[in-house]
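A.B. asks: Okay, sequence plus prediction incoming.
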Amino acid sequence: MFDLTQIPSYRENNRLEAKLATGGLPHSVWETYSAFANTYGGLILLGVEELPDHSLRVQGLLNPEELAAEFKALLNDRSVVSSNILTDDQIRVEHAPGGDIVVIEVPPAPTDQLPVYLGKSPFTGAYRRSGDGDYHCTRAELNAMLGGKAH
């Protein structure tokens, strides 16, 4: 179970990504959403920064409800992302020591919705998670997700 009081002891990994987001919803949140959906799922924390020593610190957000609402609205825009695999309770504002943050709990996508991709094409917009980074899917990875139907 993820404990909000323990955020400083966590590190980004293949199931956890922190984004400062104090300047608004970062574009990179979509790459992480795609990557988590296409692999093992994971948590995206908005309002949390990764420090140079790789520890995490809650910075907090001034308007976390607005940020969560913007994410929810864009999640249903097919020009942004191919599929919304989240329920409303998987996008929530939480109070953590240090401030309010947005927690986005991304499950692995159902097989029939793979790959989850950004923009118009899975060949340019599908990501996978490896370690603490998001990487474009290779053609072989896309073929596997599409059941050998990628061309």
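C.D. replies: The structure has been received and is ready for your questions. Note that the coordinates shown come from a computational prediction; the quantities given were computed from them, not determined experimentally. Residues are numbered from 1 along each chain as shown.

A.B. asks: Please count neighbours and contacts with C-alpha atoms only from this point.
C.D. replies: OK.

A.B. asks: In the protein, mark out all the helices, start to finish.
C.D. replies: 28-38, 64-75, 122-125, 139-145 (DSSP state H).

A.B. asks: Tell me which of these is the most buried.
C.D. replies: Of the helices of the chain, the one with the most neighbours on average (mean count of other CA atoms under 10 Å) is helix 28-38, at a mean of 26.

A.B. asks: How far off centre is it?
C.D. replies: Chain-centre distance of helix 28-38: 4 Å, with CA atoms, centre = their mean, to the nearest Å.

A.B. asks: For it, enumerate the helices and strands it packs against.
C.D. replies: Judged by 3 or more CA pairs under 8 Å, 6 or more residues apart in numbering; DSSP states H and E, the packing partners of helix 28-38 are strand 42-46, strand 99-106, strand 127-130, strand 133-136.

A.B. asks: Give the partner strands of the last one in its sheet and their orientations.
C.D. replies: Using DSSP bridges, the strands paired with strand 133-136 in its sheet are strand 127-130 (antiparallel).

A.B. asks: just to revisit the earlier point, let me have the helices of the chain in a markdown table, extended by mean pLDDT and distance to Lys19.
C.D. replies: Converted to a markdown table, the helices of the chain look like this (pLDDT from 0 to 100; distance: least, CA to CA, whole Å):
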| stretch | mean pLDDT | distance to Lys19 |
| --- | --- | --- |
| helix 28-38 | 98 | 8 |
| helix 64-75 | 97 | 12 |
| helix 122-125 | 95 | 20 |
| helix 139-145 | 93 | 26 |
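
A.B. asks: center of the protein - which residue?
C.D. replies: Tyr33 (3.2 Å; CA atoms, centre = their mean).

A.B. asks: which non-adjacent residue is nearest that one?
C.D. replies: Leaving aside its chain neighbours, Tyr33 sits nearest to Val106 (6.8 Å; criterion: CA to CA, 6 or more residues apart in numbering).

A.B. asks: Okay, and the beta partners of that neighbour?
C.D. replies: Gly42.

A.B. asks: who are the neighbours in contact with it?
C.D. replies: Tyr33, Phe36, Ala37, Gly41, Gly42, Leu43, Ile44, Ile85, Leu86, Gln90 (CA atoms under 8 Å, 6 or more residues apart in numbering).
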